[in-house]
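K.L.:
only geometry, no sequence info:
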């Protein structure tokens, strides 16, 4: 009887504290450089990105493939550095064909860690996304990122 009550209590607690997100992909991601950027991994899964400023849109990209089509997603990561960056998301279908591209407003980096979130509704045909953090214009900067996560919402908030 005590076991049943304990299980019921734990189930109730889970239902009460379950987050608004159905899925949070915080598994290790592979970051790739974009343009003339260099990426190095420091301790605790913190990445340092150094751009050369040779062209606009240098930075990093990662691919999010464990997603559900037609759902609202939030991309979240901590950023620190100097300069301005934008978050760009490119959606593709199951065959890798381009669906759409979305770009955030510019984000001004600071010397303190700041959590950045970018929320958007995915197309019903989206099966994979490339999420990029890129310099706005030609900038030779060094910035850091950590705590990268892709979250799917149970219900839209947009």
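P.N.:
Sure thing, it's come through. Worth saying up front: this structure is predicted, and the values here are computed from it rather than measured. Residues are numbered from 1 along each chain as shown.
K.L.:
can you map out the helices along this structure?
P.N.:
2-17 (DSSP state H).
K.L.:
Below-threshold pLDDT in it: ranges please.
P.N.:
In the predicted model, the chain carries pLDDT under 70 at residues 1-28, 156-158.
K.L.:
Now do the strands in it.
P.N.:
21-25, 32-34, 37-41, 47-51, 59-64, 72-81, 84-92, 98-103, 107-108, 114-121, 128-135, 142-153 (DSSP state E).
K.L.:
roughly how far is the fourth one from the heart of the chain?
P.N.:
Here strand 47-51 is found 16 Å from its chain centre; the criterion is CA atoms, centre = their mean, to the nearest Å.
K.L.:
Now do that strand: which elements does it pack against?
P.N.:
Using 3 or more CB pairs under 8 Å, 6 or more residues apart in numbering; DSSP states H and E, the elements in contact with strand 47-51 are strand 37-41, strand 59-64, strand 142-153. Using the backbone N, CA and C atoms, a C-beta is placed for each residue, glycine as well.
K.L.:
Please apply the same query to the second one.
P.N.:
Secondary structure elements in contact with strand 32-34, counted by 3+ CB pairs under 8 Å, 6+ apart, are strand 59-64.
K.L.:
ok, now the shortest one?
P.N.:
Where contact means 3+ CB pairs under 8 Å, 6+ apart, strand 107-108 is packed against strand 84-92.
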